[in-house]
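> Whatever this is, show me its structure:
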Amino acid sequence: MEYMLYSTSTFVSVIQQVAIFTLFTSYEERHSLREIYLEFAMPQSLDTNRRVVLAERPNGLPNENTLRVEEGDIPQPGPGELLLRTVYLSLDPYMRGRMDDAKSYAEPVKIGEVMTGQVVAEVVSSNLNAFEPGDYVLSGSGWQDYALSNGKEVMNLGKEPQNPSWSLGIMGMPGYTAYAGLLKIGEPQPGETVVVAAASGPVGATVGQIAKIKNCKVIGIAGGADKCAHVVNNLGFDACIDHKADDFAEQLKAACPDGIDVYFENVGGKVLYTILPLLNAFARVPVCGVVSWYNLTGLPEGSDFGPAIMGTILRMKVKVQGFIIFDSFPKSTYKEFVQDMTQWLAKGEVQYKEQVVEGLENAPAALNDLLVGKSFGKVVVKVG
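Sure, this is the predicted structure:
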């Protein structure tokens with residue numbers, strides 16, 4: 001199959017020049033010029049497949065040379081295959097790590113390969129008995145309009161699922177990450193103090209709400225007054241501290257007069273360094289991410305906090321455990337998650353905020369916004 005290649009820095013037509021603007025300016029800037037670029041939007045086609053592939057490995061934050069758009073024919077399914085049309089694409093911090101050629105829990109994306117990602121897709125045609133045209137499915141087919149699948153590791157969501165994009169968020173990987181990491185590693189007890197960073201994001205918001213259900217005192221950390229207000233007023237946290245504040249450390253200490261029993265780590269950086277002296281004896285620290293360090297090209301600037309981190313773990317007998325949601329827990333934990341989260345959502349005990357970005361062409365800029373803390377809620381791209 002032949003694909004037309006478009007460098008994200010050398011589009012030749014007016015439409016393509018507008019496309020590059022939408023690819024690599026911030027979401028806020030693009031939104032203010034919506035009336036301009038909507039005229040030149042690149043909607044999902046019935047006869048063309050767009051694929052966003054890794055063009056080169058980034059050095060720091062991805063730029064206009066990192067990803068490349070290819071256009072080609074829509075693939076046709078053979079025996080035992082499905083043709084999937086992407087409806088929603090999930091954007092997640094782990095994607096930055098998959099761009100690097102480094103040892104990790106999963107193979108890196110190869111140069112020229114479609115950028116990895118979970119999607120909710122519609123079955124266009126099927127040569128498998130378990131799937132019919134019109135079924136919605138959860139699949140790992142990545143940043144493209146159409147994809148073939150053999151049906152393995154594809155979850156059928158049915159013909160008309162309610163809130164299909166939630167399978168990428170609160171009922172998917174982020175929600176399960178929060179549930180399993182907090183309850184199975186953090187093991188919060190009633191009356192304990194639980195602190196979570198990125199508290200307005202899909203994982204942090206869910207961690208805090210589950211901790212409240214478990215009768216804990218919950219302190220969130222977020223960037224900016226609007227996010228902190230959402231965390232307290234809509235999600236029900238006891239307090240939320242703005243990590244951008246000059247007196248961030250003092251505010252956090254005042255909010256945790258009895259210390260911290262559980263710190264759910266997904267950020268790293270200065271937030272982690274501020275948490276360290278507040279950890280109680282036998283505190284638990286589930287680690288699902290360190291997003292503030294994902295774009296580093298070397299060691300962080302400033303003081304070496306290695307001795308402080310390891311010394312605190314030793315002296316305070318802290319349990320620190322990293323985990324990857326796909327292989328760190330038994331299948332029974334996922335079943336528990338689905339049952340509990342379904343009930344909590346139905347009762348209104350868990351609230352969920354979603355940020356929907358329109359168009360595959362806007363995914364690269366939206367991912368960068370996520371990586372630098374400009375997103376608000378679970379980010380999904382409406383592809384088709």
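> Which of the three states applies to L89?
Classification of L89 using DSSP: H, G, I helix; E, B strand; the rest coil returns strand.
> Now do the same contact list for the closest residue to P161 other than its chain neighbours.
Spatially, and ignoring its direct neighbours in sequence, P161 is nearest to Y136 (5.2 Å; CB to CB, 6 or more residues apart in numbering). Quick note: C-beta positions are derived from backbone N, CA and C, even for glycine. Contact analysis of Y136 by CB atoms under 8 Å, 6 or more residues apart in numbering lists 87, 120-123, 156-161, 164.
> Among these, name the ones in helices.
Using DSSP state H, no member of those sits in helices.
> Out of the residues you listed, grab the one that's most surrounded.
A121 (30 neighbours; other CB atoms under 10 Å).
> Relative to L345, how far out is it?
23 Å (CB to CB, to the nearest Å).
> Tell me the strands beside the one helix or strand I241 maps to, with direction?
Using DSSP states H and E, I241 sits within strand 239-242. Using DSSP bridges, strand 239-242 pairs in its sheet with strand 217-222 (parallel).
> May I see the buried residues of the partner strand?
Going by neighbour count (16 or more other CB atoms under 10 Å), the buried part of strand 217-222 is 217-222.
> quick one, phi psi at the residue nearest to P161?
phi -90, psi 140 (degrees, to the nearest 10).
> for it, which residues make a bridge with it?
The partner residues for Y136, given DSSP bridges, come to E122, G158.
> Parallel or antiparallel, which strands does the strand or helix carrying V381 pair with?
Assessed by DSSP H and E, V381 sits inside strand 378-382. The strands beside strand 378-382 in its sheet (DSSP bridges) come out as strand 82-90 (antiparallel), strand 354-358 (parallel).
> for these, which one sits closest to G302?
Of all the strands paired with strand 378-382, strand 354-358 sits nearest to G302, with 31.5 Å by CB to CB.
> can you list contacts of the closest one?
With contacts defined as CB under 8 Å, 6+ apart, strand 354-358 is touched by 27, 91, 165-166, 169, 363, 366, 375-382.
> what's the farthest-apart pair in those residues?
Across the contacts of strand 354-358, the longest distance by CB to CB is 21.1 Å; it joins Y27 and W166.
> A281 and M316 touch, don't they?
Yes. With contact defined as CB atoms under 8 Å, A281 counts as touching M316 (5.2 Å).
> Look at these two and report which has more neighbours.
Between A281 and M316, counting by other CB under 10 Å, M316 is the more crowded of the two (15 against 10).
> picking that back up, looking at the contacts of Y136, which is nearest P277?
Taking CB to CB as the measure, P277 lies nearest V120 of the contacts of Y136, at 43.0 Å.
> Give me the pLDDT value at that closest one.
Reading off the confidence values, V120 has pLDDT 98.
> Double-check it against V137; I have them as touching.
Yes. With contacts counted by CB under 8 Å, V120 reaches V137, the gap being 7.3 Å.
> For this structure, give the helix that spans the most residues.
Longest helix in the chain, counting by DSSP H: helix 331-347.
> hey, where'd the helices end up in this structure?
14-24, 27-32, 34-37, 94-98, 173-180, 202-213, 225-233, 248-255, 269-275, 306-315, 331-347, 363-371.
> Pick the most deeply packed of the ones you listed.
Ranked by mean neighbour count, the helices of the chain are led by helix 202-213 with a mean of 27 (mean count of other CB atoms under 10 Å).
> Report the angle between that one and strand 354-358.
Relative orientation of helix 202-213 versus strand 354-358 (axes from the mean of the first three to the mean of the last three CA atoms, to 10 degrees): 160 degrees.
> tell me what helix 202-213 is packed against?
Applying 3 or more CB pairs under 8 Å, 6 or more residues apart in numbering; DSSP states H and E, one finds that helix 202-213 contacts helix 173-180, strand 193-196, strand 217-222, strand 260-264, helix 331-347.
> Need those in a markdown table (columns: distance to Q251 and mean pLDDT).
Below are the helices and strands packed on helix 202-213 laid out as a markdown table (distance: least, CB to CB, whole Å; pLDDT from 0 to 100):
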| stretch | distance to Q251 | mean pLDDT |
| --- | --- | --- |
| helix 173-180 | 24 | 97 |
| strand 193-196 | 12 | 98 |
| strand 217-222 | 10 | 98 |
| strand 260-264 | 14 | 98 |
| helix 331-347 | 29 | 96 |
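> G186 is nearest to which of these?
Closest of the helices and strands packed on helix 202-213 to G186 is strand 260-264, at 4.3 Å (criterion: CB to CB).
> Tell me how this structure divides into domains.
The chain breaks down by automatic domain parsing into domains covering 3-167+354-382, 173-322.
> Can you check which of those domains gets nearest to V338?
domain 173-322 (8.5 Å).
> how far does the closest one stretch from start to finish?
End-to-end distance for domain 173-322, by CA to CA, to the nearest Å: 16 Å.
> Mind listing the shared neighbours of V120 and V137?
Here V120 and V137 have L157 as joint contacts, going by CB under 8 Å, 6+ apart.
> Could you list the low-pLDDT ranges of the stretch 151-300 of the chain?
For the stretch 151-300 of the chain, applying pLDDT under 70 flags the ranges 295, 297, 299.
> I'd like the domains of the chain laid out as a markdown table, including distance to M341.
Converted to a markdown table, the domains of the chain look like this (distance: least, CB to CB, whole Å):
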| stretch | distance to M341 |
| --- | --- |
| domain 3-167+354-382 | 10 |
| domain 173-322 | 6 |
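> so which of the buried residues of strand 217-222 comes closest to M115?
For those, the nearest to M115 is A222 (27.5 Å; CB to CB).
> Give the bridge partners for that closest one, please.
Counting by DSSP bridges, A222 forms beta bridges with D242.
> So it sits against V195, correct?
No. Here A222 does not reach V195: they are 11.7 Å apart, not a contact under CB under 8 Å.
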